[in-house]
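>>> Sequence and computational prediction follow.
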Amino acid sequence: MKVGLIRCMQTEDMCPASTDFMVMKEKKMAFANVEEDIQVIGVNTCGGCPGKKAVTRASEMVKRGADTIVLASCITKGNPIGFPCPNADQMKQAISRKLGDTVRIIDYTH
């Protein structure tokens with residue numbers, strides 16, 4: 001699995017994504033059923049509210065080899081501030097429309 005990780009720009013100054021990387025490495029949480037090796041192709045933010053840049057950034061990571069786009073839990077679950085992105089579903093749908101069915105989308109990390 002070659003992962004492109006998209007995280008929330010609003011939380012990047014308080015979260016270094018260490019838990020995201022740990023659950024990938026240890027194949028826990030969202031990655032519990034992954035049998036193949038996990039390689040991180042890139043990490044980027046959504047670009048800030050309302051997350052429109054997530055689509056082009058996901059597309060660029062796919063161009064660079066990602067076969068899976070992961071929306072970090074800061075976007076979908078609100079970790080660590082307890083406030084999920086109100087645009088998370090729309091962002092996920094827009095990424096899915098742009099990339100099609102050939103790219104897997106995981107909508108949380110931990």
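Yep, that arrived. Not measured: the values here are computed from a predicted model.
>>> can you pull out the strands in the protein?
2-7, 39-45, 68-71, 104-106 (DSSP state E).
>>> could the ones you listed go into a markdown table alongside mean neighbour count, mean pLDDT and distance to Lys28?
No exception for glycine: its C-beta is placed from N, CA and C like everyone else's. Formatted as a markdown table, these follow (neighbours: other Cβ atoms under 10 Å; pLDDT from 0 to 100; distance: least, Cβ to Cβ, whole Å):
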| stretch | mean neighbour count | mean pLDDT | distance to Lys28 |
| --- | --- | --- | --- |
| strand 2-7 | 24 | 98 | 14 |
| strand 39-45 | 18 | 97 | 15 |
| strand 68-71 | 26 | 98 | 14 |
| strand 104-106 | 16 | 97 | 13 |
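>>> Now render the ones you listed as TSV, adding distance to Pro80.
Shown next, in TSV, are the strands of the chain (distance: least, Cβ to Cβ, whole Å):
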stretch	distance to Pro80
strand 2-7	11
strand 39-45	15
strand 68-71	15
strand 104-106	19
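>>> between these, which one is nearest to Lys25?
When those are compared by Cβ to Cβ, strand 39-45 sits nearest Lys25, at 9.6 Å.
>>> What separation do you get for Phe31 and Gly42?
17 Å (Cβ to Cβ, to the nearest Å).
>>> meant to ask about Lys27
20 Å.
>>> One more: Val55?
Per Cβ to Cβ, Val55 is found 15 Å from Gly42.
>>> Next: Gly51.
In terms of Cβ to Cβ, Gly51 sits 17 Å off from Gly42.
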